[in-house]
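Here is the input, now give the coordinates:
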Amino acid sequence: MRTCLFLLAVIIFPGIIYCQKYKKPIDYRFKNGEIGYSAFFSKSITYPQASVKAGSIGNSITRITINPAGEITDIDIINPIDSNIDNAVLNAIDRSRDFWKKCDTINHNQEFFMQFSFSLPGIYPILFKPKTRELAALFPDPLLVTLPESLLAALSKQNEGIKIIKNEELTDKANAFLDSAKYDEALPFINELIKRDPFTRELYKARIMINIRLNRPELVGSDDDKIYDFAGGFSIDELNKDKE
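Numbering: from 1, shown residues only. Coordinates of the predicted model:
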């Protein structure tokens, strides 16, 4: 009789059992779970005005490590955008220290890959939203950082135009310089494309080739690492197969 009742519960409440079994780590490591995480960082990170004027756009990705006591033990920006945006992200993470929770059921550190999409009108960086449980454990939901309409209007009135270069223009310029073997000139455009799309293998391959041609072997290793171990041992190819 007990077996029948259990089977009946599984049939009637499969969603409840699934949610309990596959709860994301961010839900028990951050105050009020992923909802609290999204609420905190949405309020804590604003678009630096200097970055807006410079037209800085990108998916800022930061890896943080949380120990079982709920302490942040390591912070590493793995897709930097510019110094103002990077500092804004680091300051917000620093203010979040009291919101990470102790966990008595684990004895190992946990990594989270935080994505903040700094987007200006008409251009949205590429984000990673995993569909499998294993990768969803590493990546909390990405957050969009945009300009309030009031600030856009104010900049327009002050005749302070935002210098936005479209992806197609960046690609055309990078290819033109590469075709002419002008590697130093091509590099800034490749860097900008990676800021906006950190999940395209070919962009890192292009930057590796440029740095080899420019005799900068010390810069090759980090891009190789990103290709084959972007997050938690998963390669870029594996991440792209797992996108929603």
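
And for stretch 79-86, what's in contact with it?
47-48, 50-51, 54, 56-61, 77, 118, 194-195, 198 (C-beta atoms under 8 Å, 6 or more residues apart in numbering). Bear in mind the C-beta positions are built from the backbone N, C-alpha and C, glycine included.

how about residue 69, what does it touch?
residue 102.

coming back round to it: kindly give a single PyMOL line that selects the buried subset of the contacts of stretch 79-86.
To isolate the buried members of the contacts of stretch 79-86 in PyMOL, using 16 or more other C-beta atoms under 10 Å:
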select buried, resi 47+48+51+56+57+58+59+60+61+77+118+194+195+198
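
among the contacts of stretch 79-86, which two are most distant?
50 and 198 (22.0 Å; C-beta to C-beta).

Now for residue 119: which residues touch it?
Going by C-beta under 8 Å, 6+ apart, residue 119 touches 57, 125, 144-146.

nearest to residue 91, of those residues?
Closest approach between those and residue 91, by C-beta to C-beta: residue 145, at 13.4 Å.

That closest one bridge partners, please.
residue 118 (DSSP bridges).

Go ahead and report the secondary structure state at the residue minimising distance to the centre of the chain.
Centroid-nearest residue in the chain: residue 115, 2.7 Å away (criterion: C-alpha atoms, centre = their mean). Put simply, residue 115 is strand when judged by DSSP: H, G, I helix; E, B strand; the rest coil.

Setting aside sequence neighbours, what's the nearest residue to it?
In space, and not counting its chain neighbours, residue 115 is closest to residue 142: 3.7 Å by C-beta to C-beta, 6 or more residues apart in numbering.

Okay, and which of the contacts of stretch 79-86 map to helices?
Within the contacts of stretch 79-86, residues falling in helices by DSSP state H are 50-51, 54, 194-195.

from these, which is closest to residue 43?
When those are compared against residue 43 (criterion: C-beta to C-beta), the nearest one is residue 51, at 18.4 Å.

Can you report how many residues neighbour the residue lying closest to that closest one once chain neighbours are set aside?
Excluding the flanking residues, the one nearest residue 51 by C-beta to C-beta, 6+ apart is residue 84, at 4.7 Å. Using other C-beta atoms under 10 Å, residue 84 is surrounded by 16 other residues.

Quickly find the element holding residue 84.
helix 83-95 (DSSP states H and E).

buried stuff in that helix?
By neighbour count on 16+ other C-beta under 10 Å, the buried set for helix 83-95 is 84-86, 88-89, 92-93.

returning to what we had before: out of the ones in helices among the contacts of stretch 79-86, who's nearest residue 133?
Distance to residue 133 across the ones in helices among the contacts of stretch 79-86 (C-beta to C-beta) is lowest for residue 194, with 28.1 Å.

ok, the closest one touching residue 204?
Yes. With contact defined as C-beta atoms under 8 Å, residue 194 reaches residue 204; the gap is 7.1 Å.

and for these two, which residues touch both?
With C-beta under 8 Å, 6+ apart as the test, residue 194 and residue 204 reach no residue in common.

Tell me how many other residues crowd residue 43.
Residues near residue 43, counting by other C-beta under 10 Å, number 9.

Give the full set of residues in contact with it.
Going by C-beta under 8 Å, 6+ apart, the list of residues near residue 43 is empty.

what kind of secondary structure is it in?
What three-state DSSP gives for residue 43 is helix.

Show me the helices in this protein, by range?
Under DSSP H, the chain gives helices at 2-12, 14-21, 25-29, 33-44, 49-54, 83-95, 133-136, 149-157, 167-179, 183-196, 201-213, 220-228, 236-241.

thinking again about what came up before, JSON lines please, covering the buried residues of helix 83-95 and showing distance to residue 69 and pLDDT.
Output for these, formatted as JSON lines (distance: C-beta to C-beta, whole Å; pLDDT from 0 to 100):
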{"residue": "84", "distance to residue 69": "32", "pLDDT": "97"}
{"residue": "85", "distance to residue 69": "30", "pLDDT": "98"}
{"residue": "86", "distance to residue 69": "27", "pLDDT": "98"}
{"residue": "88", "distance to residue 69": "27", "pLDDT": "98"}
{"residue": "89", "distance to residue 69": "23", "pLDDT": "98"}
{"residue": "92", "distance to residue 69": "21", "pLDDT": "98"}
{"residue": "93", "distance to residue 69": "17", "pLDDT": "98"}
